[in-house]
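In: Take this sequence and fold it.
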Amino acid sequence: MDPHPLLATLRPLLAAEARAQTHGDGTDPADLEQTVWLRLLERLAGDGPPADPPGWLRRAVRAEARRARRTARSERPYAAEPADDPCHGPEHLALASAARRALRDAARRLPGRCPSLVEALLSPRELTYREIAGELGISQGSLGPERSRCLGCLRRLLTSEVAAR
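Out: Residues are numbered from 1 along each chain as shown. You can find the predicted model right below:
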């Protein structure tokens with residue numbers, strides 16, 4: 001039994017309006033209904049019943065739906081759980097670390113200046129071509145062809161190792 005006859009009258013309208021306003025946007029219609037009920041009860045306690053209850057209800061539902069969509073757009077989770085992120089789970093981190101070690105080990109077995117060139121390319125400092133050329137003591141113009149040659153050697157070395165396994 002509703003404490004106010006207006007609540008019983010507006011219940012089906014509110015349910016229909018809430019479903020219509022939240023259709024397809026991911027908002028729970030029950031949450032929207034609850035918020036609008038709260039607004040109506042605040043209104044009843046303060047100013048009394050609205051002059052046009054169905055019109056007031058429709059406007060309130062639309063306003064609360066807009067507010068919920070705005071809030072949803074601006075809210076971001078603080079952090080994801082590690083189990084929720086397969087790219088940062090322990091297995092992925094271990095495999096990525098092993099792959100980096102294997103790549104660096106293979107790069108050290110390359111001929112000539114290739115080990116130092118590949119190490120500079122893999123540097124976490126993200127060196128520019130100018131900085132790499134300066135570290136290796138070669139011209140910046142010859143760095144591109146040298147890089148291509150070294151990466152080709154690395155590709156062949158890694159392909160033969162993978163095929164051998």
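In: For A68, give me its contacts.
Out: By Cβ atoms under 8 Å, 6 or more residues apart in numbering, the contact set of A68 is 22, 27, 31-32, 35. For glycine as for every other residue, the C-beta is placed from the backbone atoms N, C-alpha and C.
In: swap the cut-off to 10 Å and go again
Out: Applying Cβ atoms under 10 Å, 6 or more residues apart in numbering to A68 gives the contacts 21-22, 25-28, 31-32, 35.
In: remind me which residues of this structure are low pLDDT?
Out: Along the chain, the parts satisfying pLDDT under 70 run over 1-4, 77-88, 165.
In: Break it down into its structural domains.
Out: The chain breaks down by automatic domain parsing into domains covering 5-74, 102-164.
In: Can you give me the buried ones in stretch 130-139?
Out: Of all the residues in stretch 130-139, those buried under the rule 16 or more other Cβ atoms under 10 Å are 132-133.
In: ok, back up a step: which one of the contacts of A68 is nearest to V162?
Out: The nearest member of those to V162, counting by Cβ to Cβ, is G26 at 44.1 Å.
In: And for that closest one, nearest residue in space, chain neighbours not counted?
Out: Excluding its sequence neighbours, the residue lying closest to G26 (Cβ to Cβ, 6 or more residues apart in numbering) is A72, at 7.1 Å.
In: How many residues are close by the one you found?
Out: Residues near A72, counting by other Cβ atoms under 10 Å, number 11.
In: C153 now?
Out: C153 - counted by other Cβ under 10 Å - has 18 other residues nearby.
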